[in-house]
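K.L.:
can you look at this prediction? I've put the sequence above it.
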Amino acid sequence: MVHFDYKKEPLRDILFIDVKSFYATVECIYHGWDPLETMLVVASHADNTGNGLILAASPKAKEVLGISNVSRVDNLPDHPLLKQVPPRMSLYIKENMVLNQLFETYVAAQDLLIYSIDESILDVTRSLNLFFPDPNLSRQEKRWLMARKIQKDIHDQTGLVLSIGIGDNPLLGKLALDTDAKYQKTNGYTAEWTYQDVQNKVWQVHPMTEFWGIGSRTKKQLAKIGINTIEQLANANVDLLYYRFGVIGEQLYHHANGIDRTILAETPPAAKEKSYGNSQVLPRNYTDQREIEIVIGELAEQVAARIRRHGCLTSCIHLYIGTAYGEVDSGFSHQMKIPATNTNKDLKTHCIHLFRKYYKGQAIRHVGISYSKLTYTQARELDLFDELDKHLSEEHLDKVIDKIRAKYGFTSIVYATSKLAGARSIARSHLVGGHNGGAGGLDGLS
DNA sequence: TCTGGGGTCCTAGGACCC
DNA sequence: TCTGGGGTCCTAGGACCC
């Protein structure tokens, strides 16, 4: 049974695009290997845990060896033709920028939304007649022609292969992409989902966790009230869903019915980051409080450098401490408001303070620090009790250090404590977003 | 999934104010 | 001080995505 009058819903021409095996393909292209024929995995060798993770696998590696992106390096099949390379995040970021510049030749900037490093949403509603003025072509034909044209142009210019989900709205595009287009090998990795397909396609998505926004937890919660399929979700009582799941429940109900009223051009441009943070799993269990505090200090500075680079101050710090397996005392996660700052000294002091306030001597395996309540202004609020001179010199020092690090790399300046056992900043200095940044990386893009 | 990492949004409960 | 009510801010925790 249909619950919505789809004639009243926004009818757009959305292309939800993702790059097939993005990292793996970029690596193949740069090495001069055929992206479709080469068996290759991009493997992150976490230097701290020693247990690598497969970040991406080429289509051939997936097909022949059945490698999935979540598998661990330990479990890789032994195959003489399988190539393994470390990730170069900065290279992928550059490639992503090139790609999106090309997308802007098909749509205006406000009709393009960069969804992730390898996914973009294009609203081509206003471009179709521009590119395909022929009045004998139907709207549907024009959408497909547009998708084909973009795939071909991008492949010619970059060697990348695109999967495209065509939809009447972004949600339908996303579902078409994730659950259909990616598997359409013989149909050019393209699929189209419209309002008329809700019952035949949207409701048939299975298992439910394939559906955008439904993870394993939500699946379990839904099962508790007798909802085990998208069709049941679409036909459930929306009030009950709201009662059990809040606004998320209401949204799930709408999505199950193919409803998404987003208009890309009307969505505010991507706001600046609301928080910056770094976290890491430690290479072993840490029990020495001094050692733990060294890691916290380094992390506090690392994130401080990031917010300075982005020209902002933080008014709220957050510390996450995860314990070792088998540790009886649990870890903790606490935040604290502070006067706006971005200096190493302030932030390090606050983070250590927060740590000491709650630490009970547990064995630690995971540490995370993030800064939120950011103000993106160069002007800073001065604490009345702060001595202006001291403040300026601290700030000056931080800036000089940042400059040197930006030019020569993080390892060029490390505090004496980093030389102590347990210090992690040197070992991690080459990482961008937790992955290997590669030589000559884009430091400013993290 | 005996440990990858970086983000976002939502909710419930407590504190506090008027 | 056996129970007013509305509003806001803050915090911890949960869940999701790439």
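P.N.:
Alright, I've got the coordinates.
K.L.:
so what's A:D402 up against?
P.N.:
Listed by CB atoms under 8 Å, 6 or more residues apart in numbering, the contact partners of A:D402 are A:305, A:308-309. To be clear about C-beta, it is placed using only N, CA and C from the backbone, and glycine gets the same treatment.
K.L.:
wait, which of the residues you listed is closest to A:I114?
P.N.:
For A:I114, the nearest member of the contacts of A:D402 is A:R309. The distance, counting by CB to CB, is 20.2 Å.
K.L.:
please tell me how far that closest one sits from DNA strand C.
P.N.:
When distances are taken as CB to the nearest atom of the strand, to the nearest Å, A:R309 and DNA strand C turn out to be 21 Å apart.
K.L.:
now do the end-to-end distance for stretch A:9-17.
P.N.:
From the first residue to the last, stretch A:9-17 extends over 22 Å; the measure is CA to CA, to the nearest Å.
K.L.:
should've said stretch A:163-177
P.N.:
Stretch A:163-177 has an end-to-end distance of 7 Å (CA to CA).
K.L.:
how deep is A:S333 tucked in, by neighbour count?
P.N.:
Other residues near A:S333 number 12, with proximity taken as other CB atoms under 10 Å.
K.L.:
stretch A:335-355 near DNA strand C anywhere?
P.N.:
Yes. Stretch A:335-355 reaches DNA strand C (CB under 7 Å from any atom of the strand) through A:335-337.
K.L.:
list only buried entries from those residues.
P.N.:
Using 16 or more other CB atoms under 10 Å as the burial test, the residues of stretch A:335-355 next to DNA strand C include no buried residue.
K.L.:
what is the nearest of the residues you listed to DNA strand B?
P.N.:
For those, the residue nearest DNA strand B by CB to the nearest atom of the strand is A:Q335; the value is 10.9 Å.
K.L.:
hang on, that closest one packs against A:T314?
P.N.:
No. Under the criterion of CB atoms under 8 Å, A:Q335 is not in contact with A:T314, lying 10.9 Å apart.
K.L.:
identify the contacts common to the two.
P.N.:
Both A:Q335 and A:T314 are in contact with A:S372, where contact means CB under 8 Å, 6+ apart.
K.L.:
distance of A:I150 from A:I164?
P.N.:
Counting by CB to CB, to the nearest Å, the separation of A:I150 from A:I164 is 7 Å.
K.L.:
revised request: answer the last question for A:A181.
P.N.:
Looking at A:A181 against A:I164, where the rule is CB to CB, the gap reads 6 Å.
K.L.:
helices or strands next to the strand or helix carrying A:L241 in the packing?
P.N.:
Using DSSP states H and E, A:L241 maps to helix A:238-245. Secondary structure elements in contact with helix A:238-245, counted by 3 or more CB pairs under 8 Å, 6 or more residues apart in numbering; DSSP states H and E, are helix A:216-224, helix A:247-256.
K.L.:
list the buried residues of the first one.
P.N.:
Residues of helix A:216-224 classed as buried: A:218, A:222 (neighbour count, 16+ other CB under 10 Å).
K.L.:
buried residues, the very next helix or strand once past that helix. List them.
P.N.:
In the C-terminal direction, the helix or strand that comes right after helix A:216-224 (DSSP H and E) is helix A:230-234. Going by neighbour count (16+ other CB under 10 Å), the buried part of helix A:230-234 is A:230-231, A:233-234.
K.L.:
what of stretch A:82-102?
P.N.:
If you call a residue buried by 16+ other CB under 10 Å, then stretch A:82-102 has these buried ones: A:82-83, A:85, A:87-93, A:95-96, A:99.
K.L.:
same check on stretch A:59-77?
P.N.:
Judged by neighbour count using 16+ other CB under 10 Å, the buried positions of stretch A:59-77 are A:59-62, A:65, A:67, A:71, A:73, A:76.
K.L.:
which pair of the residues you listed spans the longest distance?
P.N.:
So, those by CB to CB: farthest apart are A:P59 and A:V73, at 19.5 Å.
K.L.:
residue contacts, the residue nearest to the spatial centre of chain A?
P.N.:
In chain A, the C-alpha closest to the average C-alpha coordinate belongs to A:S116, at a distance of 5.8 Å (CA atoms, centre = their mean). Under the criterion of CB under 8 Å, 6+ apart, the contact list for A:S116 is empty.
K.L.:
now do it against DNA strand C, distance only.
P.N.:
3 Å.
K.L.:
out of everything not next to it in sequence, what's closest to A:T375?
P.N.:
Closest residue in space to A:T375, ignoring its immediate chain neighbours: A:L313 at 5.1 Å, by CB to CB, 6 or more residues apart in numbering.
K.L.:
ok, A:Q196 next?
P.N.:
Spatial nearest neighbour of A:Q196, excluding adjacent residues (CB to CB, 6+ apart): A:Y6 at 7.7 Å.
K.L.:
what's the answer for A:L319, then?
P.N.:
Sequence neighbours aside, A:L354 is the residue nearest to A:L319 in space, at 4.7 Å (criterion: CB to CB, 6+ apart).
K.L.:
now do A:V64
P.N.:
A:M39 (6.2 Å).
K.L.:
from what I can see the one you found touches A:A61, true?
P.N.:
Yes. Here A:M39 reaches A:A61: they are 4.3 Å apart, a contact under CB under 8 Å.
K.L.:
pull up the overlap in contacts between these two.
P.N.:
Contact with both A:M39 and A:A61 is made by residues A:L82, according to CB under 8 Å, 6+ apart.
K.L.:
what helices or strands is the strand or helix carrying A:S372 leaning on?
P.N.:
A:S372 belongs to strand A:364-375 when assigned by DSSP H and E. For strand A:364-375, the helices and strands in contact under the criterion 3+ CB pairs under 8 Å, 6+ apart are strand A:276-286, helix A:289-309, strand A:313-323, strand A:332-341.
K.L.:
indicate which one of those is closest to DNA strand B.
P.N.:
Ranking those by their distance to DNA strand B (criterion: CB to the nearest atom of the strand) puts strand A:276-286 first, at 3.4 Å.
K.L.:
which parts of the stretch 151-300 of chain A sit against DNA strand B?
P.N.:
A:246-248, A:273-281.
K.L.:
just these that are near DNA strand C?
P.N.:
Checking these against DNA strand C (CB under 7 Å from any atom of the strand), there are no matches.
K.L.:
okay, the helix or strand hosting A:C28 in CSV with CA atoms only?
P.N.:
Assigned by DSSP H and E, A:C28 belongs to helix A:22-31. As requested, the backbone C-alpha atoms of helix A:22-31 are provided in CSV (Å, rounded to 0.1, in the frame of the first residue of the first chain):
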residue,chain,number,x,y,z
PHE,A,22,38.9,4.4,-5.7
TYR,A,23,42.2,4.0,-3.8
ALA,A,24,43.1,0.8,-5.6
THR,A,25,42.3,2.3,-9.0
VAL,A,26,44.4,5.4,-8.3
GLU,A,27,47.3,3.3,-7.2
CYS,A,28,47.0,1.1,-10.4
ILE,A,29,47.0,4.2,-12.6
TYR,A,30,50.0,5.7,-10.9
HIS,A,31,51.9,2.5,-11.2
